[in-house]
Each structure stands twice: as C-alpha cells, then as structure tokens.
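1. what follows is a predicted protein model with its sequence.
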Amino acid sequence: MKTQQSPRDYVAEHVRKIPRSGIRDFFEIVQSMSDVISLGIGEPDFVTPWHIREAAIFSLERGRTGYTSNLGMPALRREISRYVQENFGVRYDPASEILVSVGVSEAIDLALRAILNPGDEVVYHEPCYVSYSPSITLAHGKPVAVSTRAEDGFVLRAEDLERAITPRTKAVMLNFPTNPTGGTLPRAEQEKIARVCIEHDLIVLTDEIYSELTYAGGHQSITTVPGMRERTIFLHGFSKAFAMTGFRIGYACAPAALTEAMMRIHQYSMLCASITGQEAALEALKNGQSAMIKMREEYQRRRNFLVHHFNAMGLDCHEPKGAFYVFPSIRRTGLSSREFALKLLEDKKVAVVPGDAFGPGGAGYVRCSYATAQDQLEVAVQRMGDFVKAL
Ligand SMILES: Cc1ncc(COP(=O)(O)O)c(C=O)c1O
C-alpha cells in the first residue's frame, strides 16, 4: 500500500510553481483597513448602464435561464461579428469563427490550451496583466517576457521581440492598450511585429479588452495587417468599456480551425457562458455606444488630472494613451515599489499597486487606476502629494 502524501503533495508540479498574485496579497492588507482610498482595482467604478441591466432582468422575466449553444447565442455572435467588423475592420463568420467565453480570462486560457504543446514558448511584453505568465504555465507552455520601457511609451519593439524568439517559440501575446502601463502600439510597429511573426510562423494572441478606451488617434488591431488574420486569435470582452465585469462575458475570434479547437476545450470545461450575461452583452453591443463614450470621456478627464498632479509632485509620469491606469515612476523617492505602496497605505490610507506585481520590468513604478470617482482622486492626489513631500 502506498503511504498517504500530505495534501500539498497532491498539487500538480506546474501549479505549485505558480506564484500567488502580488495584487491579491496586497489587497488582503487593504481590505483589513478602513477608510482607504483605493486606486488599486482594475474595475470601472461605473455601474453597468441601466438599459443593459434591464435587458438581463427582462431575459430572466422571459424565463431565459437555460444553456446556450457552446459557441454562444447565435444572435450575440452575429452582433459581435458586426461590431468587430465596424470597429476593428476585420470580418469573422458568426457560425464558425466566434466563441463567447466567460470573460476574456477564459478566452486567454482557451487560446493558450488550444495551441500549446508542452514546452512551447510564448513571448509577451512586460509589465503586463498578471495572468499572462501563469496562464502560459498552466497550459504547459514556457513564458518568455520582453521588457518595454517608459521612455518608449511601453511600446513592444519588433527587434526586442525578435531577439526573444527561439526554435521553440509558438506564439506572441499582445495587450494594447496595456494593463498596467496604458501603452498603445503604433501602426508602424504593428507592421514590423507582423513581419517578424510571419517570418517565424508564429501565432498572435491579441487581447484588446481596453481598445475602446483609447484616447488619441483611435485604436487599430494588428489583426488587420495583411497576412495576420489567419495567424491571430483576437480576444475581446465587455468588462472594461461597458462596465460589465460581473457579467463575465468575453469572446475569441479566430479562423475556424482554431475556434473549433478552443470550442472543444470550452464545451467540456465550461459548456457555455451564462445566458443572462450573454443577453446583457447583446444589448451592450446594440445600444451601448453612447454610454460607453460618456464613460471614456470621463476617464480621459481623470487621466489628464492624475498625469498633471503626479508630475507636479515630482513622480515622473508618462501620458498613457489608453486603458484606465497611470504608471508613475517612484524611483526618485528611493523606495522600492512595494515599500512605497505599503508606506503610502500605512501613512495616508491610499492604495496603489506595486509595479513589480506586473513583472520585474514594473519595479520602480506603481499602478494607479483612475476607474475611481473624481472626488476620491482629488483626495488621493492631495494625500500622495503630502506623502511624497514628507519623504
Ligand atoms: C489585459 C486584461 N485582459 C483580461 C482581463 C480580464 O478580463 P475579463 O473580466 O473579461 O475576464 C483583464 C482584467 O483586468 C485585463 O486587464
């Protein structure tokens, strides 16, 4: 008879290797305190617009409470197809090239699991969203980070990408506008990156969840660069632009063979996304534009306010072109990101996220979310100014 192991020994090796999220640990401390102003959460402070909530309620009243097609409701897939074509300039067939997922989170996981063989390398730019590296590891891939720099607007440079490519590289993950830096990817650089991906026959996963929240020049997707559509999985969702985090709806658009591969995993692991969330998402795409534009205008005002005040208090802060985060440098204070965030929390009760929670490239920065009401931002800036002065 085999001896019983300790419960920890039952955990799979690749899961043991995954670090706990730095954000989660930090916010456990925040939650144990009262009267904290939090610039930490990557979630809109707006409640989902009423007409979208009403659509969800009405669908429940009509008794719409069952499973949907694995790929998602056909009406929603048709609407996603229209929306993506009108706003991103690329057409996907609603019958075979669109999969509705449980947030973009599930779509990232599906895309990685669908394409990776054990040991395949995935290159991504960093600082980046906390889930990328663990999601690659969970899909038995090897995460390979390429650093981006503040003085360069946190743009991924094609030559840096190319240096990271090896014979094991299978895919590249992009996220522009970027969480946590707000960086965007200019068209000329997209074209260079596309050339590298085509030359090395790589698949691109492009997470464009913040694309509607682009403040200057509009958003362009790398999917539209000639030669890219057939090698790209386009990931998008409703959480950020439509303030719908709790509805948990995202989607992946990709050539039929890749969509079919993702669907096979999704049909056995998730079956389908919630029908109530899908009904709400359908309404968001049909009638949600004007509420979304109003939220974007408010985010832009808040971004301008924060960038101005951080620079005025001596924290160098580039102007992020998108998303709802600013990423000021705290190097001049002589503190590490974590020391700065902890001391600011203890002394002034303002929560920001240490930049290295988004990878080593984020050391020396903190992430401040401006998906926070303006009156709260004003108090936070006052307190942070006093804090920096007293250091
Ligand atoms: C870059 C990025 N991708 C994906 C997600 C997850 O989005 P969803 O709520 O659609 O799962 C987030 C959430 O913060 C994010 O910042």
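-> Arrived safely, thanks for sending.
2. okay, CA-based contacts and neighbour counts for the rest of this
-> Will do.
3. got a pLDDT number for residue 33?
-> Note for residue 33: predicted pLDDT of 88.
4. name the helix or strand for it, please.
-> Take DSSP states H and E as the rule and residue 33 turns out to sit in neither a helix nor a strand.
5. up against the ligand, what does the stretch 51-200 of the chain have?
-> Within the stretch 51-200 of the chain, the residues that sit near the ligand (CA under 6 Å from any ligand atom) are 103-105, 129, 175, 179.
6. again with the stretch 201-350 of the chain
-> By CA under 6 Å from any ligand atom, the part of the stretch 201-350 of the chain that sits against the ligand consists of 209, 237, 239, 245, 248, 250.
7. correct me, but the fourth one touches residue 239?
-> Yes - contact criterion CA atoms under 8 Å: residue 245 and residue 239 qualify, at 4.0 Å.
8. any common contacting residues for these two?
-> 43, 103 (CA atoms under 8 Å, 6 or more residues apart in numbering).
9. so for these two, which residue has more residues nearby?
-> Each of residue 245 and residue 239 had its neighbours counted (other CA atoms under 10 Å), and the higher figure belongs to residue 239 (23 against 19).
10. domains for this structure, by residue range?
-> 7-47+290-390, 50-287 (automatic domain parsing).
11. what packs against the helix or strand bottoming out on mean pLDDT in the chain?
-> Using mean pLDDT, DSSP states H and E, the weakest-scoring helix or strand in the chain turns out to be helix 22-31, at a mean of 79. Packing contacts for helix 22-31, counted by 3 or more CA pairs under 8 Å, 6 or more residues apart in numbering; DSSP states H and E, involve strand 353-354.
12. OK, contacts around residue 292?
-> Contacts for residue 292 (CA under 8 Å, 6+ apart) come out as 241-242.
13. report pLDDT for it.
-> On the pLDDT scale, residue 292 is placed at 95.
14. and the gap between it and residue 314?
-> 33 Å (CA to CA, to the nearest Å).
15. now, of the domains of the chain, which is deepest in the fold?
-> Comparing the domains of the chain by mean neighbour count (mean count of other CA atoms under 10 Å), domain 50-287 comes out on top with a mean of 20.
16. quick one: distance of that one to the chain centre.
-> Put simply, domain 50-287 sits 9 Å off its chain's centre (CA atoms, centre = their mean, to the nearest Å).
17. can you lay out the residues of the stretch 51-200 of the chain next to the ligand as TSV showing pLDDT?
-> Formatted as TSV, those follow (pLDDT from 0 to 100):
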residue	pLDDT
103	98
104	98
105	98
129	95
175	98
179	97
